[in-house]
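Asks: whatever this is, show me its structure:
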Amino acid sequence: MTETVNNFLYNSARWDGFHIRDGDIVIAPPGKCGTTWTQRIVSLLVFDSPDLYAPMARISPWLDMNTRSVDAVLADLEAQTHRRFVKSHLDYTLLPHDDRLTYICSGRDPRDVAISWMHHMDNVNMDNLVAERIGAVGAEDLADMSADEVPDLSGGPADRFWRWIEGDDFVNFVAHLRSFWDHRDLSNVVMLHYADLQADLVGQMQYLAGRLGIERSRARLEELAPFASFDEMKSAAAVTAPNGDQTFWRSTSDFFHNGTTGQWRSLISEDDVPRYEKRLHELADGDFARWLERGSLG
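Replies: Presented below is the predicted three-dimensional model:
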């Protein structure tokens, strides 16, 4: 890893103990860009079945997250005999770089991400999250962490939307996606987009299977794809939701809140779009900016 980060939620050094195997998959989008969706799709491709032998949080754990002992997470991964697929929310610069790994990163319209983050944070029981974190890695380092890490949940939905768009969260979001975008021509870096997955789930599953070297017929993918639908994942939230085996969701089912594209239109008007576009083009331009919103690399 060329850089490191350690904050309240995650620590890139936790990857130091991960023993890479040929074929390992790292699923590493920024938050609220379809990480859980991608994990479910990969599980269907790897197992060729909708059945999960354990909660997704144990099959495909968030390795860098500070709410479980790293030794416990690594032990779970070491015991796996199937092709492994590990969750991360680190950008490309913070992950181990190895030709044996395949990296999957997905994007999403930033405006929908901003709204999804609001619902996400409203569903977090912060007291339980802090307790899980302290129980896993202790509290000794918390005093050294910035007050900026405490999320600001004040104001109405529009206030919170613009605070995300015009603050550091959007900067970090764009930087995360750019770190993979800049390496998209590597044979082991796969870029997906929420809008493309919604427009043609079977086609995107076929594309991903090809990139992962997994042979599945179109007919078989059509049978598997319904198990990666929003409604199906929500109905099975006890096993599909991230960290469903921990205590910090107010509702595991409500983790799957909406899952649509264009939901931002219900919050901001067309008159507000230039304000957003000005901000977007301060951070991104050209093909990258267009892909951030709409996807479709090819």
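Asks: phi first, then psi, for Thr102.
Replies: Per-residue torsions, Thr102: phi -110, psi 130 (degrees, to the nearest 10).
Asks: residues near it, how many?
Replies: As a burial measure, Thr102 scores 22 neighbours (other CB atoms under 10 Å). (Each C-beta comes from the backbone N, C-alpha and C, glycine too.)
Asks: give the contact list for it.
Replies: Residues near Thr102 by CB atoms under 8 Å, 6 or more residues apart in numbering: Gly23, Asp24, Ile25, Val26, Asn188, Val189, Val190, Arg211, Leu212.
Asks: one more time with 10 Å, if that's ok
Replies: If a contact means CB atoms under 10 Å, 6 or more residues apart in numbering, then Thr102 has 23-27, 42, 83, 85, 186-190, 208, 211-213 as its contacts.
Asks: relative to Tyr276, how far out is it?
Replies: Relative to Tyr276, Thr102 is positioned 33 Å away (criterion: CB to CB, to the nearest Å).
Asks: do the same with Val46
Replies: From Val46 over to Tyr276 (counting by CB to CB), the distance is 38 Å.
Asks: next one: Thr240
Replies: 32 Å.
Asks: with Asp51 instead?
Replies: 42 Å.
Asks: of those two, who's got more company?
Replies: Of the pair Asp51 and Tyr276, Tyr276 is the one with more neighbours under other CB under 10 Å, namely 20 against 10.
Asks: hmm, the more buried one is touching Trp264, no?
Replies: Yes: the criterion here is CB atoms under 10 Å, and Tyr276 meets it with Trp264 at 8.6 Å.
Asks: strands of this protein, residue ranges please.
Replies: 25-27, 85-87, 102-107, 189-193 (DSSP state E).
Asks: okay, now Asp99: neighbour count?
Replies: Other residues within reach of Asp99, judged by other CB under 10 Å, total 10.
Asks: repeat for Leu177
Replies: Other residues near Leu177 number 26, with proximity taken as other CB under 10 Å.
Asks: what of Phe47?
Replies: Residues lying near Phe47 (other CB under 10 Å) number 15.
Asks: distance of it from Leu153?
Replies: From Phe47 across to Leu153, the span is 38 Å (CB to CB).
Asks: so which of the strands of the chain comes closest to Leu292?
Replies: With respect to Leu292, and counting by CB to CB, the nearest of the strands of the chain is strand 102-107 at 5.9 Å.
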